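J.: Just a sequence and a predicted model for now, questions to come.
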Amino acid sequence: MRGNMNANLVNIPYRLSIRLSPNGFSVFVCDVNEKIIVSVNQTYKHSGDTNSLKEAILSIKPSLPDCQKVILICETKFYTLIPNSFFASDHALDFLKLQHPDMPETNQVFSHSFQNHDSIFIFGYDSGIVQTLTDIFPTLKIEHQLISSIEHDHQNMISIWIGEERIDCLVFHKGEIKLLNHYPYQTAEDIVYHALNIAYHLQFDIMEFEITVYSDEANAKNYEEIITTYLPQSDFKTIQ
């Protein structure tokens, strides 16, 4: 655990973010300036039973400050983006199943509206995990990791999230979303290939694009040198 837990944390609107991955979870507490004041990384292997997750979260909760916002950031691959005019809340699951027929029945469906893009982002996440964390943090908000980037307006931008055996890619071209998809990978060269392949099929010069790569510290160390060799404009940012 990093951070000074003895600091004066009274009446400050902190934000608590919880991010789960296949190998564990991370907890970040940020101040009003988005500066991380506390970070916790803990091993956790989800196997359908959330009791161990509950115990792990409850073990660290007393050491965390009171937070105005609590957000669960989901890394799920079960997502889609559709035009706002097509969306009906009672058919959100149908839209997800159309693109992801393999999505588990235990997933709960969430949606987020982007007025600036006239679109709806729909995603599914394990309902057991959601309920477990909601029981601990009643004000919990569920958010997909892609939402914050989609919300912003970009001209020419490629955003890449490096996860476990999968990257998520978001492409803006001339201010419009041109692609949102995920791809398997094993090496840094695979990631470069996917970026170049996207540029080829969308018929644009990748060197005219900003590239932001979101990664944890371990993946950044493993992949940054190779990715920036082929795509020197790549800007690596730590996932939090």
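T.: All right, it came through fine.
J.: for the record, mean pLDDT for stretch 144-161?
T.: Mean per-residue pLDDT for stretch 144-161: 92.
J.: Span of that stretch from start to end?
T.: The straight-line separation of the ends of stretch 144-161 (C-alpha to C-alpha, to the nearest Å) is 12 Å.
J.: which other residues reach it?
T.: Stretch 144-161 is contacted by residues 19, 73-76, 79, 81, 110, 112, 114, 116-117, 121, 123, 167-175, 177, 180, 191, 195, 198, 204, 206, 208-215, 239 when judged by C-beta atoms under 8 Å, 6 or more residues apart in numbering. The C-beta positions use only the backbone N, C-alpha and C, and glycine is treated the same way.
J.: what about the strands in this protein?
T.: 15-21, 24-30, 36-43, 69-74, 79-83, 107-114, 119-126, 141-144, 157-162, 166-173, 176-184, 210-215, 234-238 (DSSP state E).
J.: Go through the ones you listed and find the least confident stretch.
T.: Taking the mean pLDDT of each of these, the lowest value is held by strand 36-43, a mean of 84.
J.: How far off centre is that strand?
T.: With C-alpha atoms, centre = their mean, to the nearest Å as the basis, strand 36-43 stands 16 Å off its chain's centre.
J.: Pull out the buried residues from the contacts of stretch 144-161.
T.: Buried members of the contacts of stretch 144-161, scored by 16 or more other C-beta atoms under 10 Å, are 19, 73-76, 79, 81, 110, 112, 117, 121, 123, 167-173, 177, 180, 191, 195, 198, 204, 206, 209, 211-215, 239.
J.: how is the protein carved up into domains?
T.: Taking automatic domain parsing as the criterion, the chain consists of the domains 1-151, 153-238.
J.: and the last one, how far apart are its ends?
T.: The straight-line separation of the ends of domain 153-238 (C-alpha to C-alpha) is 21 Å.
J.: can you check stretch 63-80 too?
T.: Across stretch 63-80, the straight-line distance between its terminal residues is 37 Å, by C-alpha to C-alpha.
J.: what residue is smack in the middle of this protein?
T.: Central residue of the chain (C-alpha atoms, centre = their mean): residue 145, 1.8 Å from the mean position.
J.: how close does that one sit to residue 35?
T.: Look at residue 145 and residue 35: by C-beta to C-beta, to the nearest Å, they are 20 Å apart.
J.: do the same with residue 90
T.: Here the distance between residue 90 and residue 35 works out to 41 Å (C-beta to C-beta).
J.: For residue 93, which residues are in contact?
T.: Applying C-beta under 8 Å, 6+ apart, the residues near residue 93 are 109, 124.
J.: now residue 162, nearest residue through space, not along the chain?
T.: Of all residues not flanking residue 162 in the chain, residue 215 sits nearest, at 4.3 Å (C-beta to C-beta, 6 or more residues apart in numbering).
J.: Okay, and the beta partners of that neighbour?
T.: Note on residue 215: beta-bridge partners residue 238, judged by DSSP bridges.
J.: what residues are up against it?
T.: Residues in contact with residue 215 (C-beta under 8 Å, 6+ apart) are 161-162, 223-224, 236-239.
J.: In JSON lines: these, plus distance to residue 65.
T.: Compiled in JSON lines, the contacts of residue 215 are given as follows (distance: C-beta to C-beta, whole Å):
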{"residue": "161", "distance to residue 65": "28"}
{"residue": "162", "distance to residue 65": "30"}
{"residue": "223", "distance to residue 65": "34"}
{"residue": "224", "distance to residue 65": "32"}
{"residue": "236", "distance to residue 65": "29"}
{"residue": "237", "distance to residue 65": "24"}
{"residue": "238", "distance to residue 65": "21"}
{"residue": "239", "distance to residue 65": "22"}
